[in-house]
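Trainee: this one's structure only:
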DNA sequence: CTAAAGGTTCACGTTGACGTGAAGGTCAAG
DNA sequence: CTTGACCTTCACGTCAACGTGAACCTTTAG
């Protein structure tokens, strides 16, 4: 599969795929002509990358997590044990972020309902 | 209160306070010498700005929300009614973001627990 | 053989929320 | 009246995840 096909299937730009490779998140094969050659597994990998990036992780963190993700969250390679502390830090960061988002959400809800009450008067 | 004092009380840099002013989030008075002059209310305003920015809102959104925030989330000025639709869009964005964070959080938890099981074997 | 579609590697541009000097003005203290 | 701490306004630098050409190569179809 060429880069354009993967881009369409994964819903990202070819540029993004080249960027992920540059950051070590994706390692396609190469054809004799120098074209990148992707497999079906890469589609799933790209989906995971997008989810992790969307949650605010950076590419370094994603590159550490990907080899530790198999199926629905089982464990994979030796080497991942050393990263547990880092993952726990990241999880705390996410908990903090979720809490902050909840605060802002309720603030927004307060403004919205107050606005509605005002408009419905 | 000068900019340095507010910076210490609010836990931000003087540069950030000047930036907030440039973006219309903060409007201090001026002394005869040209120094910015802040009041105690500005401390609370800065705290709100930080919370909103930390939740991923941009300065434009914050500048629209601030005048609509009074006390613990009551309603304030006329003009805020027109922004309700925008606030609802923002709230949906936040809901999406929270869901994404929960997904990544459970993925992290899966990896961590699998790693622990592996280490405890 | 040739054109078109899609690929390749640079390499600079973008956006947002600031950081970081540079060059100089203000003000209370000694 | 001078030092030192603090302030002022430019104005360029940073970082991350790409966007956007430029110049060129590969592959398939007619």
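Mentor: Received the coordinates, thanks. Bear in mind that the values here come from a model prediction, so they are computed numbers and not experimental data. Numbers count the residues shown, from 1 in each chain, chains lettered A, B, ... in the order given.
Trainee: Wondering if the helix or strand containing residue A:46 reaches chain B at all.
Mentor: The secondary structure element spanning residue A:46 is helix A:40-54 (assigned by DSSP states H and E). Yes: between helix A:40-54 and chain B, judged by CB under 8 Å from any CB of the partner chain, the touching residues are A:51-52, A:54. To be clear about C-beta, it is placed using only N, CA and C from the backbone, and glycine gets the same treatment.
Trainee: Quick one: mean pLDDT over the helix ranked longest in chain A.
Mentor: What stands out as the longest helix in chain A, according to DSSP state H, is helix A:84-119. Taken as a whole, helix A:84-119 has an average pLDDT of 89.
Trainee: quick one on the thing from earlier: right, and the helix or strand after the helix holding residue A:46?
Mentor: In the C-terminal direction from helix A:40-54 (assignment by DSSP H and E), the next one is helix A:59-65.
Trainee: Next, the buried residues of that next one.
Mentor: Under the neighbour-count criterion of 16 or more other CB atoms under 10 Å in any protein chain shown, helix A:59-65 has A:59, A:61-65 buried.
Trainee: Could I get the contacting residues of residue A:43?
Mentor: Shown in contact with residue A:43 (CB atoms under 8 Å, 6 or more residues apart in numbering or on different chains): A:6, A:9-10.
Trainee: Now with 6 Å, please.
Mentor: Contacts for residue A:43 (CB atoms under 6 Å, 6 or more residues apart in numbering or on different chains) come out as A:9-10.
Trainee: Any idea how many residues pack against residue A:68?
Mentor: Look at residue A:68: counted by other CB atoms under 10 Å in any protein chain shown, it has 24 neighbours.
Trainee: Return the per-residue confidence for it.
Mentor: Taken from the predicted model, the pLDDT recorded for residue A:68 is 87.
Trainee: measure it to DNA strand C for me?
Mentor: Residue A:68 sits 27 Å away from DNA strand C when distances are taken as CB to the nearest atom of the strand, to the nearest Å.
Trainee: which bits of chain A sit near DNA strand C?
Mentor: Along chain A, the residues adjacent to DNA strand C under the rule CB under 7 Å from any atom of the strand are A:2-5, A:7, A:14, A:18, A:34-36.
Trainee: Return the member of these nearest to residue B:102.
Mentor: residue A:7 (27.8 Å; CB to CB).
Trainee: so what's that closest one up against?
Mentor: Residue A:7 makes contact with residue A:14, according to CB under 6 Å, 6+ apart.
Trainee: does any part of the one helix or strand it maps to sit near DNA strand D?
Mentor: The secondary structure element spanning residue A:7 is helix A:3-10 (assigned by DSSP H and E). No: applying CB under 7 Å from any atom of the strand, one finds helix A:3-10 separated from DNA strand D by no less than 9.2 Å.
Trainee: Just want the angle from that helix to helix A:40-54.
Mentor: Orientation note: helix A:3-10 sits at an angle of 60 degrees relative to helix A:40-54 (axes from the mean of the first three to the mean of the last three CA atoms, to 10 degrees).
Trainee: Now the element after helix A:3-10, going C-ward?
Mentor: Next along the chain from helix A:3-10, counting by DSSP H and E, comes helix A:14-22.
Trainee: Mind giving me the packing neighbours of that next one?
Mentor: Counting contacts by 3 or more CB pairs under 6 Å, 6 or more residues apart in numbering or on different chains; DSSP states H and E, helix A:14-22 is packed against helix A:3-10.
Trainee: Check which residues of the helix it packs on are buried.
Mentor: Burial within helix A:3-10, assessed by neighbour count using 16+ other CB under 10 Å, is assigned to A:3, A:6-7, A:10.
Trainee: Going by neighbour count, list what's buried in the helix holding residue A:46.
Mentor: Applying a neighbour-count criterion of 16+ other CB under 10 Å, the buried positions in helix A:40-54 are A:42, A:45-46, A:48-50, A:52-53.
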